[in-house]
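# Sequence first, predicted model second:
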Amino acid sequence: GNTRRRWHGTVRACTLGDEERNDGFCNNQTCSMCSILQSSFDLAHFGRRTNRGRFGTGIYTSATSSKSNDYILQHSHAPSPYRAILLTEVVMGRTIKLTVDHPNMKEPPAGYDAVVGEPGGILNYDESIGEFQIKPAFL
């Protein structure tokens, strides 16, 4: 189908991925990175850090790594100076392209699987939003 590689920035509260220290997956409830890597994405966590999404509820990704990097918050007690950005593989399905905010949207319109926020107007960079099939490919 319509599979794309997209970036997703997330909270990291451990040393997983550090060359000099690697303690494996952590059990810290606030480490979104380990949670995603162990059990994939969970829409129940949507909005915990940003309180809203420009295009409503969903898992947000972007073809632009710097866009996803902007959404990473460093954990306040992180033992590592590094941040986490995941390169994911996303099955987009049938997409609708939007150029204006729809923050109250709970799902894509009928007949669509995902929303794509197009650059121009309100956005400088693209966003892909949905409750789609997504898996981390690289950290």
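Everything's here; your move.
# alpha carbons only for contacts and neighbour counts from here, please
OK.
# In this protein, mark out all the strands, start to finish.
In the chain, the strands defined using DSSP state E lie at 3-10, 59-61, 84-91, 95-98, 114-117, 127-130, 133-138.
# Packed most tightly, which of those strands would that be?
With neighbours taken as mean count of other CA atoms under 10 Å, the strands of the chain reach their highest mean count in strand 127-130, at a mean of 25.
# just to revisit the earlier point, could the strands of the chain be laid out in CSV, adding mean pLDDT and distance to N104?
Listed next are the strands of the chain as CSV, based on pLDDT from 0 to 100; distance: least, CA to CA, whole Å:
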stretch, mean pLDDT, distance to N104
strand 3-10, 92, 21
strand 59-61, 90, 14
strand 84-91, 92, 23
strand 95-98, 93, 14
strand 114-117, 92, 13
strand 127-130, 89, 13
strand 133-138, 87, 22
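# Generate TSV for these, with distance to N28 as supplementary columns.
Below are those laid out as TSV (distance: least, CA to CA, whole Å):
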stretch	distance to N28
strand 3-10	14
strand 59-61	21
strand 84-91	15
strand 95-98	35
strand 114-117	31
strand 127-130	26
strand 133-138	19
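# Appreciated, that's everything.
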